[in-house]
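Q: give the three-dimensional model of this entry:
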Amino acid sequence: MPLFRLDDPGDLAAPVLVAAFDGWIDAGSAATMALGRLAEGARTVAAFDPDAIFDYRARRPTLDVLDGTLVDLEWPELEVRRARLADRDLLVLTGPEPDYRWRELADDVVSLARRLEIASWISLGAIPAAVAHTRPVPVLGTASGPGLLPADIVQGPAGRLRVPSAALSVIELAISRAGMPAVGFYAQVPHYVSGDYAAAAIALLESLGRHLELELPLGALPAEARKQRMLLDTATASDERTRAYVEQLESMADEARLPEGDELITEIERFLRERGSEGRAPS
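A: I've put the predicted structure just below:
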């Protein structure tokens with residue numbers, strides 16, 4: 001039996017499947033924030049069995065208690081929603097990163113993609129990096145073949161990069177091995193930023209929009225990004241060491257120097273050390 005339930009999606013014209021999971025490669029919640037914007041009001045067309053893929057001790061359902069009475073539970077869900085933008089159908093797969101059965105899940109997503117006759121797969125993610133909040137958010141790309149990425153997206157980083165995999169990457173690799181075009185867009189989030197980072201969500205939506213040749217709605221994200229920028233500027237100005245460090249990152253960006261694989265690994269390890277005490281993958 002497959003892990004998913006598929007409802008009638010209606011007539012789809014060469015739909016694109018776009019995916020993001022919270023957790024390991026969702027620094028600043030940028031990727032899930034971006035897809036949450038696209039999925040607002042969209043209809044669910046497929047859902048995965050949460051009992052089969054989630055550890056409820058790691059992702060406990062949210063319990064509502066009203067005046068001392070237990071009234072409701074909200075369970076983690078992994079769903080595909082159909083969003084219609086202009087004359088394009090986007091199938092948005094988003095939710096918590098699954099805890100179990102990654103290989104089976106990847107096979108089932110491939111099966112689902114074939115049944116829905118998707119034209120291509122797009123991963124969205126975000127990684128901690130040595131970048132400054134005062135500069136445009138860099139976006140790196142992955143691609144299953146040449147010529148798939150927009151001209152302004154660098155495929156990289158250069159060289160061999162070995163890191164713990166995310167479930168999203170397991171699925172992207174399975175999709176590409178099944179012969180479907182697959183790309184990924186990964187925003188680099190300043191490692192000193194905590195909490196949601198709207199600027200990175202905007203960068204991902206803009207990269208996705210250029211790839212699809214669509215103008216994607218940003219909603220309240222620009223206002224949230226401006227508010228966060230003001231807070232970060234204030235915090236940076238108040239501490240001399242932080243200000244000097246940000247200036248160093250700015251000079252690297254101005255030199256247009258791309259990070260090497262070893263640098264990304266160093267920043268990811270730092271990110272894990274800082275967030276490891278939370279008892280779950282960083283987000």
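Q: for residue 193, what are its contacts?
A: 28, 133, 232 (CB atoms under 8 Å, 6 or more residues apart in numbering). The C-beta positions use only the backbone N, C-alpha and C, and glycine is treated the same way.
Q: for the stretch 1-150 of the chain, what spans make up the strands?
A: 4-6, 16-22, 43-48, 62-66, 69-74, 79-85, 88-96, 120-129, 139-143 (DSSP state E, counting those that start in this stretch).
Q: what packs against the fifth one?
A: Of the remaining helices and strands, those touching strand 69-74 by 3 or more CB pairs under 8 Å, 6 or more residues apart in numbering; DSSP states H and E are strand 62-66.
Q: what's the local residue count around residue 162?
A: Neighbour count for residue 162, taken as other CB atoms under 10 Å: 7.
Q: residue 249 now?
A: 19.
Q: what's the helix or strand for it?
A: If you go by DSSP states H and E, residue 249 is part of helix 240-254.
Q: need the strands of the stretch 1-150 of the chain in JSON lines with distance to residue 109, can you?
A: Converted to JSON lines, these look like this (distance: least, CB to CB, whole Å):
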{"stretch": "strand 4-6", "distance to residue 109": "8"}
{"stretch": "strand 16-22", "distance to residue 109": "8"}
{"stretch": "strand 43-48", "distance to residue 109": "9"}
{"stretch": "strand 62-66", "distance to residue 109": "26"}
{"stretch": "strand 69-74", "distance to residue 109": "24"}
{"stretch": "strand 79-85", "distance to residue 109": "9"}
{"stretch": "strand 88-96", "distance to residue 109": "7"}
{"stretch": "strand 120-129", "distance to residue 109": "9"}
{"stretch": "strand 139-143", "distance to residue 109": "17"}
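Q: can you put the ones you listed in CSV and add mean neighbour count and distance to residue 113?
A: Below are the strands of the stretch 1-150 of the chain laid out as CSV (neighbours: other CB atoms under 10 Å; distance: least, CB to CB, whole Å):
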stretch, mean neighbour count, distance to residue 113
strand 4-6, 15, 11
strand 16-22, 25, 6
strand 43-48, 19, 10
strand 62-66, 9, 30
strand 69-74, 9, 28
strand 79-85, 19, 10
strand 88-96, 22, 9
strand 120-129, 25, 7
strand 139-143, 20, 17
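Q: okay if I get the ones you listed as JSON lines plus mean pLDDT?
A: Shown next, in JSON lines, are those (pLDDT from 0 to 100):
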{"stretch": "strand 4-6", "mean pLDDT": "96"}
{"stretch": "strand 16-22", "mean pLDDT": "97"}
{"stretch": "strand 43-48", "mean pLDDT": "96"}
{"stretch": "strand 62-66", "mean pLDDT": "97"}
{"stretch": "strand 69-74", "mean pLDDT": "97"}
{"stretch": "strand 79-85", "mean pLDDT": "93"}
{"stretch": "strand 88-96", "mean pLDDT": "94"}
{"stretch": "strand 120-129", "mean pLDDT": "95"}
{"stretch": "strand 139-143", "mean pLDDT": "94"}
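Q: wait, which of those strands is closest to residue 176?
A: Minimum separation from residue 176 across these (CB to CB) falls at strand 120-129, 7.7 Å.
Q: with respect to residue 16, which of the contacts of residue 193 is nearest?
A: residue 28 (23.9 Å).
Q: can you pull the contacts of residue 233?
A: Residue 233 sits next to residue 134 when contact means CB under 8 Å, 6+ apart.
Q: ok, back up a step: can you tell me which of the strands of the stretch 1-150 of the chain is nearest to residue 156?
A: strand 139-143 (5.5 Å).
Q: pull up the pairing partners for the helix or strand that comes right after that closest one, direction included.
A: Scanning forward in sequence from strand 139-143 by DSSP H and E, the next helix or strand is strand 154-155. Strand pairing for strand 154-155, using DSSP bridges, gives strand 139-143 (parallel).
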